[in-house]
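Chemist: I'd like to go over a predicted model; first the sequence, then the structure.
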Amino acid sequence: MYADIDAEIIYDNLEDIIQTLREAAAKLLESSKAKNIDP
């Protein structure tokens, strides 16, 4: 998908990437609970 992205860029921004994924997962879980959807 992102094969043309330099690995160094990913490593340099890994903490931000992980934080963004955590926030997205938390919002998804919160939304699922609010709608009574079993994740």
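Modeler: Looks like it came in fine. Here the structure is a predicted model, which is why all the values come from computation and not from measurement. Numbers count the residues shown, from 1 in each chain.
Chemist: and stretch 7-25, which residues are buried?
Modeler: Across stretch 7-25, burial judged by 16 or more other Cβ atoms under 10 Å covers no residue at all. The way it works is simple: take the backbone N, C-alpha and C, and place the C-beta from them, glycine included.
Chemist: Using CSV, list the CA coordinates for the helix or strand hosting Tyr11.
Modeler: Following DSSP states H and E, one finds Tyr11 within helix 7-12. Below are the C-alpha coordinates for helix 7-12, written out as CSV (Å, rounded to 0.1, in the frame of the first residue of the first chain):
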residue,chain,number,x,y,z
ALA,A,7,11.4,3.2,6.0
GLU,A,8,13.4,5.9,7.8
ILE,A,9,10.4,8.2,7.6
ILE,A,10,8.3,5.5,9.3
TYR,A,11,10.8,4.9,12.0
ASP,A,12,11.2,8.6,12.6
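Chemist: Compute the mean per-residue pLDDT across it, please.
Modeler: Averaged across helix 7-12, the pLDDT comes to 88.
Chemist: who's in contact with that helix?
Modeler: Contacts to helix 7-12, defined as Cβ atoms under 8 Å, 6 or more residues apart in numbering, come from residues Ile17.
Chemist: Which other helices and strands does the longest helix along the chain contact?
Modeler: Using DSSP state H, we find that the single longest helix of the chain is helix 14-34. Helices and strands touching helix 14-34, as assessed by 3 or more Cβ pairs under 8 Å, 6 or more residues apart in numbering; DSSP states H and E, are absent.
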